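Asker: got a structure for you, letters missing:
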Ligand SMILES: Nc1ncnc2c1ncn2[C@@H]1O[C@H](COP(=O)(O)OP(=O)(O)O)[C@@H](O)[C@H]1O
Ligand SMILES: [Mg+2]
């Protein structure tokens, strides 16, 4: 797997991005720009696996040749027809490969595979990335992400990383009584220096490392999508599971987060408004993002809350092959959140804790989690909650 940054004339960029998005198992999009200056500055902050460059932009911007020639990432150039000077430009920028507009579709993936810096070695076992998503807020994403992470980490004693990707309004840290000195923002600002990442991970419980959201909403924009690609790449090297508590909606970093997931648990509640927005999300995943059917799983939260909509209605409307159910638990989750102790720890025998535990078992079994001790623990700095 590798990340690609696209810089191209607008329509062409869209077309290339759509093509690459249809290969989520190979490619992660680190960014798309239609200005070379923007691309060069963003790629300097966070290095992509490969830069896919439209020669039309290069032809119009000779100042860019030097920075591109010195760039630490490989470049694949796509050129127009009958342009002899293009080959010269390709050599000047030290492009690793040259494709043409006519044949790019047939050759692009092979070319990128050949040239890109891989996110992680191909034959290495990497952890499974599970996103907890919903287009709506307030449906239980954080509740599920936190308790599922704890349950997964206790199941087979495998290391689990939990990333709070609700960058503006994340509340994973308080739900686990954490008050971290460093957040995902500090990691991103260092272009994902592994030491800073280690320092930013806090350990509320054995086998669980947490990377908190920025301290203030306005800092959310400091997290570049390409930094997220690197963070997830590093964390999945030594965690059996990387769970992401996603933001609602389709902001760019959130979409990259979704692309990086092996499994997207999409949370729905039994009410018409949420069903509608979740239905739209499922169509988007299928039609526009081209996610494999098995990647997207539906979680119906707060069942039994007498809303007049039952499981059968939901599966009839949303037609998802996977549907997990989590019962409504009255004030239990709020109480647990107020105390900063996950209910799977505080009240493991409760119906909701048991349902989350069995979801964790199912996911763990699917990932073949029977051989323990396979995952080397990252030398994370253990910082107990400050309170
Ligand atoms: N199964 C459930 N039963 C009862 N309350 C729940 C359940 N799931 C979530 N909640 C409550 O719903 C509210 C929203 O949950 P939260 O996890 O913060 O949602 P999100 O992250 O989607 O915004 C919280 O007060 C939480 O305690
Ligand atoms: Mg939340």
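Answerer: Here it is on my side, so go on. Since the structure is predicted, the reported quantities are computational estimates derived from the model, not experimental observations. Numbers count the residues shown, from 1 in each chain. Ligands and ions are numbered 1, 2, ... in the order given.

Asker: Now do the phi/psi pair for residue 7.
Answerer: Phi and psi for residue 7, reported as degrees, to the nearest 10, are phi -130, psi 120.

Asker: The stretch 251-387 of the chain against ligand 1: which residues are in contact?
Answerer: Residues of the stretch 251-387 of the chain lying close to ligand 1 by Cβ under 6 Å from any ligand atom are 301, 302, 326, 328, 329, 333, 334, 337, 352. From N, CA and C alone the C-beta is placed, and that goes for glycine too.

Asker: Isn't the fifth one up against residue 352?
Answerer: This points to residue 329. Yes. Between residue 329 and residue 352 there is a contact under Cβ atoms under 8 Å: 3.9 Å.

Asker: Could you pull out the residues contacting both of the two?
Answerer: Jointly contacting residue 329 and residue 352 under the rule Cβ atoms under 8 Å, 6 or more residues apart in numbering are residue 343.

Asker: any chance of the residues of the stretch 251-387 of the chain next to ligand 1 in JSON lines, plus neighbour count, secondary structure and pLDDT?
Answerer: Converted to JSON lines, these look like this (neighbours: other Cβ atoms under 10 Å; DSSP: H, G, I helix; E, B strand; the rest coil; pLDDT from 0 to 100):
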{"residue": "301", "neighbour count": "25", "secondary structure": "strand", "pLDDT": "96"}
{"residue": "302", "neighbour count": "22", "secondary structure": "strand", "pLDDT": "94"}
{"residue": "326", "neighbour count": "24", "secondary structure": "strand", "pLDDT": "96"}
{"residue": "328", "neighbour count": "18", "secondary structure": "coil", "pLDDT": "95"}
{"residue": "329", "neighbour count": "22", "secondary structure": "coil", "pLDDT": "96"}
{"residue": "333", "neighbour count": "25", "secondary structure": "helix", "pLDDT": "97"}
{"residue": "334", "neighbour count": "12", "secondary structure": "helix", "pLDDT": "96"}
{"residue": "337", "neighbour count": "18", "secondary structure": "helix", "pLDDT": "96"}
{"residue": "352", "neighbour count": "24", "secondary structure": "helix", "pLDDT": "98"}
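
Asker: can you redo those residues as TSV with distance to ligand 2?
Answerer: TSV is the format used below for these (distance: Cβ to the ion, whole Å):
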residue	distance to ligand 2
301	12
302	15
326	15
328	17
329	17
333	12
334	13
337	10
352	16
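
Asker: and those as a markdown table, adding distance to residue 51?
Answerer: As requested, those are exported to a markdown table (distance: Cβ to Cβ, whole Å):
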| residue | distance to residue 51 |
| --- | --- |
| 301 | 41 |
| 302 | 45 |
| 326 | 43 |
| 328 | 49 |
| 329 | 49 |
| 333 | 45 |
| 334 | 47 |
| 337 | 43 |
| 352 | 47 |
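
Asker: ok, of those, which one's closest to residue 17?
Answerer: residue 301 (32.4 Å; Cβ to Cβ).

Asker: For the residue nearest to the closest one when sequence neighbours are not counted, give me its contacts.
Answerer: In space, and not counting its chain neighbours, residue 301 is closest to residue 140: 4.1 Å by Cβ to Cβ, 6 or more residues apart in numbering. By Cβ under 8 Å, 6+ apart, residue 140 lies in contact with 134, 267, 269, 301, 302, 326, 333.

Asker: The third one contacts residue 298, doesn't it?
Answerer: No. Between residue 269 and residue 298 no contact is recorded; they are 11.3 Å apart, counting by Cβ under 8 Å.

Asker: Relative to residue 360, how far out is the closest residue to residue 162 other than its chain neighbours?
Answerer: Excluding the flanking residues, the one nearest residue 162 by Cβ to Cβ, 6+ apart is residue 149, at 4.2 Å. Per Cβ to Cβ, to the nearest Å, residue 149 is found 9 Å from residue 360.

Asker: what about those two, which has more around it?
Answerer: Taking other Cβ atoms under 10 Å, residue 149 and residue 360 do not tie; residue 149 has more neighbours (33 against 24).

Asker: Now do the contacts for that one.
Answerer: When contacts are counted by Cβ under 8 Å, 6+ apart, residue 149 touches 160, 162, 208, 241, 243.

Asker: which residue packs closest to residue 155, ignoring adjacent ones?
Answerer: Computed as Cβ to Cβ, 6+ apart, the closest residue to residue 155 that is not its neighbour in sequence is residue 364, at 5.1 Å.

Asker: got it, and residue 151?
Answerer: Residue 151 sits nearest to residue 360 (Cβ to Cβ, 6+ apart), 3.7 Å away.

Asker: Show me the contact partners of the helix or strand hosting the one you found.
Answerer: Using DSSP states H and E, residue 360 sits within helix 351-366. Applying Cβ under 8 Å, 6+ apart, the contact partners of helix 351-366 are 128, 130, 144, 147-148, 151-152, 155-156, 158, 241, 263, 299, 324-329, 332-333, 343-344, 347-348.

Asker: No more questions from me, cheers.
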